[in-house]
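# Return atomic coordinates for the entry below.
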Amino acid sequence: MPDGQTLEFSGLTKRFGPLTAVDRFTARVEPGLVTGFLGPNGAGKTTTMRMLLGLVRATDGSATVGGTPYAQLRHPLQSVGAALEASSFHPGRSAAAHLTALAQASDVPIRRVDETLALVGLSDAAGRKVGGYSLGMRQRLGLAAALLGDPGVLVLDEPTNGLDPEGIRWMRDLLRALAREGRTVFVSSHLLSEVQQTVDSLLVIARGRLVFQGTIDELVDPTEYATVVDAPDRAGLTAALTAAGVSAEVLRAGLRVDAADPADIGRIAASAGIALSLLQRQGPSLEQVFLQLADGTRVHASAFGGESAAGAESAPPVEPTQEGDAR
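Predicted coordinates:
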C-alpha cells in the first residue's frame with residue numbers, strides 16, 4: 001500500500017453556465033483519519049469529488065492528491081480508490097469478472113480479486129451476475145473495486161446507501177480500520193447521524209461553499225452549552241454555587257449555569273453535602289447546528305481561512321445548480 005496522501009482543494013470552483021455548483025472550496029483532507037464530507041442534497045459534494053478525480057473539469061482552482069492532479073498520477077488505481085456510483089457495473093458480468101477485468105487493465109495482481117471480495121463479504125456471491133445484486137451488495141462491490149489496487153487514498157460517495165443496520169456498522173468499522181493503517185479516507189454523506197459515529201474530521205459544504213472544517217466537537221462553541229442542575233434542597237444548592245463564585249439562573253426545572261462543566265458543578269454540590277436530583281449538560285443538537293450551517297443562519301470561522309465571520313456573512317448567497325451532477 002502506498003503511503004497515505006493528503007487531498008488538497010484550493011479555490012476549487014465549478015460553474016454550469018450562470019449557476020455555481022462549487023464556489024472557492026478550500027480544504028485539506030489528511031491521512032490516518034476518516035474525514036466526513038457532509039452537506040444537504042445539492043450542496044456540491046459529488047461535483048467536488050468528481051473534480052478531485054478528474055471526472056469534471058474545474059472552472060477555477062485545483063484539487064490534488066499528494067500535490068499531484070489525479071490525471072497525472074502514474075498509477076491511479078494503486079493511489080486512489082474511488083466509489084461514486086453503486087450502479088456502474090455491467091449487469092451481465094459477475095463480481096469476480098468485473099474485478100478481474102479491472103485488475104488486468106490496471107496491472108494489479110489477480111489475487112487481489114479474491115482478497116477484496118472476501119474483505120467486503122462478497123466471496124459467496126462472486127460468481128453471481130451483478131444485475132441480480134441488491135443495492136447494498138453493489139455498494140460492497142464498489143468498495144471492493146476501490147480497494148483493488150490497495151490504495152493509500154479512498155474517496156467514497158454515500159457508501160452506506162442501501163446497507164442494512166448491520167452493514168452500516170460493518171462499513172464504519174472497516175473505514176476506521178483502513179484509516180488506522182495510515183490511509184486517507186474521504187467519505188461523503190448528507191446525514192449527520194451517519195457520520196458522527198465514524199469520522200475523525202469533518203468538512204461541511206452548503207450552497208457550494210465550505211461552511212465548516214474541524215472535528216464534530218468543534219461544531220458547537222463551548223459557550224453555547226449550559227449545565228442544568230437541581231436538588232431537593234435547592235436553596236442550599238444555590239448557596240453552595242454562590243459561595244463558589246458560580247452564578248445560576250432559576251428555571252422551573254432547576255438552575256441553569258452557563259458554560260459550566262457538569263463535573264465542576266457536581267464537585268461543588270458534593271463538597272457542600274448537597275444531594276442532586278438533576279445534573280445535565282444542555283446545548284444545541286448537532287442536527288440543529290448542521291441545519292443552521294446549511295441554511296446560512298450559523299457561520300463558523302473555520303470556513304473562512306482567517307477571514308472574520310462577520311465579513312463572511314456579508315458575502316452574497318450562491319444558488320445551487322440544477323445540473324444533475326451538482327450534488
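
# what's the domain layout of this structure?
Listed by automatic domain parsing, the domain ranges of the chain are 7-219, 222-282.

# Can you say which of those domains is nearest to residue 301?
Of all the domains of the chain, it is domain 7-219 that lies closest to residue 301, at 9.4 Å by Cβ to Cβ. Where C-beta positions appear, they are placed from N, C-alpha and C, glycine not excepted.

# Just give me the residue right at the centre of the protein.
The chain has residue 36 as the residue nearest its centroid, 1.4 Å off, counting by Cα atoms, centre = their mean.

# so what pLDDT did that one get?
Predicted confidence (pLDDT) at residue 36: the value is 95.

# Quick check: the gap between residue 80 and residue 187.
14 Å (Cβ to Cβ, to the nearest Å).

# anything in contact with each of those two?
Both residue 80 and residue 187 are contacted by residue 154, under the criterion Cβ atoms under 8 Å, 6 or more residues apart in numbering.

# returning to that earlier point: with respect to residue 298, which of the domains of the chain lies nearest?
Closest approach to residue 298 among the domains of the chain is made by domain 7-219 (8.1 Å; Cβ to Cβ).

# Any idea how far apart the tips of the closest one sit?
Chord length of domain 7-219, first to last residue, is 22 Å (Cα to Cα, to the nearest Å).

# what separates that domain from the chain centre, distance-wise?
Relative to its chain's centre, domain 7-219 lies at 11 Å (Cα atoms, centre = their mean, to the nearest Å).

# Next secondary structure after whichever strand or helix holds the residue nearest to the centre of the chain?
Assignment of secondary structure by DSSP states H and E places residue 36 within strand 34-38. Next helix or strand after strand 34-38 toward the C-terminus (DSSP H and E): helix 45-52.

# So which other helices or strands are in contact with that following helix?
Judged by 3 or more Cβ pairs under 8 Å, 6 or more residues apart in numbering; DSSP states H and E, helix 45-52 is in contact with strand 7-16, strand 19-29, strand 34-38, strand 60-65, strand 153-157, strand 184-189.

# Output the following helix or strand past the fifth one as CSV - backbone C-alpha positions only.
Once strand 153-157 ends, the next helix or strand along the chain (criterion: DSSP H and E) is helix 165-180. Output of helix 165-180 as CSV, limited to C-alpha atoms (Å, rounded to 0.1, in the frame of the first residue of the first chain):
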residue,chain,number,x,y,z
PRO,A,165,-28.1,-1.6,10.0
GLU,A,166,-25.6,-4.5,10.3
GLY,A,167,-24.0,-3.4,7.0
ILE,A,168,-23.7,0.2,8.2
ARG,A,169,-21.9,-0.9,11.3
TRP,A,170,-19.6,-3.1,9.3
MET,A,171,-18.8,-0.2,7.0
ARG,A,172,-18.0,2.1,9.9
ASP,A,173,-15.6,-0.5,11.4
LEU,A,174,-13.9,-1.1,8.1
LEU,A,175,-13.4,2.6,7.4
ARG,A,176,-11.9,3.2,10.8
ALA,A,177,-9.6,0.2,10.3
LEU,A,178,-8.4,1.5,6.9
ALA,A,179,-7.7,4.9,8.4
ARG,A,180,-5.7,3.3,11.2
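
# by contact count, what packs against helix 165-180?
strand 34-38, helix 135-147, strand 153-157, strand 184-189.

# Okay, angle between the first one and helix 165-180 too, please.
Okay, so that is strand 34-38. Counting by axes from the mean of the first three to the mean of the last three Cα atoms, to 10 degrees, strand 34-38 lies at 120 degrees to helix 165-180.

# what's the most buried one of the domains of the chain?
Most buried of the domains of the chain by mean neighbour count (mean count of other Cβ atoms under 10 Å) is domain 7-219; its value is a mean of 19.

# now stretch 251-264, how far from the centre of its chain.
The chain centre lies 32 Å from the centre of stretch 251-264; the measure is Cα atoms, centre = their mean.

# Any chance of CSV for the helices and strands packed on helix 45-52, columns distance to residue 140?
Compiled in CSV, those are given as follows (distance: least, Cβ to Cβ, whole Å):
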stretch, distance to residue 140
strand 7-16, 24
strand 19-29, 23
strand 34-38, 18
strand 60-65, 24
strand 153-157, 12
strand 184-189, 15
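
# Quick one, which of those gets closest to residue 243.
Distance to residue 243, taken as Cβ to Cβ, is lowest for strand 34-38 among the helices and strands packed on helix 45-52, at 44.5 Å.
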